[in-house]
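1. I need the structure of the sequence given here:
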Amino acid sequence: MEKTFLVTGGAGFIGSAVIRELIHNSTHRVINVDKLTYAGNLQSLITIDKDERYSFIHQDICDYQAMSSVLAQYKPDIIMHLAAESHVDRSIDGPGVFIQTNIIGTYTLLEVVRSYYSSLNSTDPEKAKNFRFHHISTDEVYGDLNNNEDMFTESTPYSPSSPYSASKAGSDHLVRAWQRTYGLPTLITNCSNNYGPYHFPEKLIPLTILNALAGKPLPVYGNGRQIRDWLYVEDHAKALIKVAQEGAVNETYNVGGHNEKQNIEVVLTLCDLLDELVPTVENNAVLVKSYRDLIVYVDDRPGHDLRYAIDASKIERELGWSPDETFETGLRKTVQWYLDNKSWWQAVLDGSYQCERLGVL
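-> Got it, this is the predicted structure:
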């Protein structure tokens, strides 16, 4: 049955992947609600933005009246809440906006949805029966793993380390409270580190690729031994859509890529791929024999977690999802995408993508 999905933060990295997947590989209708902060980029949706099943609404989830009007107009069957501030370094430098968006924004949206869901129960019980609110979160809410054997499960206690992860933990708790207190049909997913096409260049993988191509230093925090589980964003998008449609109401699902890698391993692998695909002798911006020579170690991030690892057995066991990409195949696809899509990332680097965001174009 065709449904209407409302995706918050749909111009962001993961949100845009979800929308592209829905439009390209389903018959569902998609409403994209995005405030278009610095990380929101409508060029990430250029392949689907003319589709008649897609609509974009420039709006802030913290605006109760505006969001109420959006839900009343479009009457979504499923809400996928991805709108969030997500960069740890930025949260350390300025935590206020993370509290505002991730906690106050989620609270406001939950109140809007609670009212909407109540009206559905009165006017369209069948639609209310199938309605879902899917909150997308992060594995960082669980904090740090103490050894190389433990993994995060859905019952791991929360122990966030950064203002970012604390704000996401707070939003998770709000969602569970609104489910238990008000009976809102919710789902929560906690994912590992995403990577792939259209990733904003402040994150490790795109930053490394673009710095390398420009012959700039490749910064690595501390000794680079921090371990993360890496998940290809298109695999994640498929998982999120499956959970939204097939997940058990009020359940939590961890989504991981089964790819634990040290940060330094990631950077070295990227350098080797670039050495193969764009040899330094062919790149006029680089004056070294290998991109590895550009690596520099910088002071570690305050409160930096050592290891994250996701146990994704529940979603595989109950919903039949597992990632299609290995780290090797996904990373090669990612590097090739950046090589083939210079216009996208160049517009981000020079700031011209913000012209559309600010309504200039």
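2. quick one: residue 69 from residue 109, how far?
-> 13 Å (C-beta to C-beta, to the nearest Å). All C-beta spots, glycine's among them, are computed from the backbone N, C-alpha and C.
3. er, residue 349 actually
-> Using C-beta to C-beta, residue 349 is found at 32 Å from residue 109.
4. so the two - more neighbours on which side?
-> Using other C-beta atoms under 10 Å as the criterion, residue 349 and residue 109 rank with residue 109 on top: 26 against 12.
5. quick check: chain neighbours aside, which residue is closest to that one?
-> residue 61 (4.9 Å; C-beta to C-beta, 6 or more residues apart in numbering).
6. please enumerate the helices of the stretch 1-150 of the chain.
-> For the stretch 1-150 of the chain, the helices defined by DSSP state H, counting those that start in this stretch cover 13-25, 64-74, 88-93, 96-98, 105-123, 125-130.
7. and of those helices, who's closest to residue 188?
-> helix 105-123 (11.2 Å; C-beta to C-beta).
8. keeping just the C-alphas, turn that closest one into PDB.
-> What follows is helix 105-123, C-alpha atoms only, in PDB (Å, rounded to 0.1, in the frame of the first residue of the first chain):
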ATOM      1  CA  GLY A 105      13.200  20.100  18.600                       C
ATOM      2  CA  THR A 106      12.400  16.500  19.400                       C
ATOM      3  CA  TYR A 107      10.100  17.500  22.300                       C
ATOM      4  CA  THR A 108       8.300  20.000  20.100                       C
ATOM      5  CA  LEU A 109       7.800  17.400  17.300                       C
ATOM      6  CA  LEU A 110       6.600  14.800  19.700                       C
ATOM      7  CA  GLU A 111       4.000  17.200  21.000                       C
ATOM      8  CA  VAL A 112       2.900  18.000  17.500                       C
ATOM      9  CA  VAL A 113       2.700  14.300  16.700                       C
ATOM     10  CA  ARG A 114       0.800  13.500  19.900                       C
ATOM     11  CA  SER A 115      -1.900  15.900  18.900                       C
ATOM     12  CA  TYR A 116      -1.900  14.600  15.300                       C
ATOM     13  CA  TYR A 117      -2.100  11.000  16.500                       C
ATOM     14  CA  SER A 118      -5.000  11.800  18.800                       C
ATOM     15  CA  SER A 119      -6.900  13.400  16.000                       C
ATOM     16  CA  LEU A 120      -6.300  10.300  13.800                       C
ATOM     17  CA  ASN A 121      -7.700   8.100  16.500                       C
ATOM     18  CA  SER A 122     -10.900  10.100  16.400                       C
ATOM     19  CA  THR A 123     -11.200  10.700  12.600                       C
END
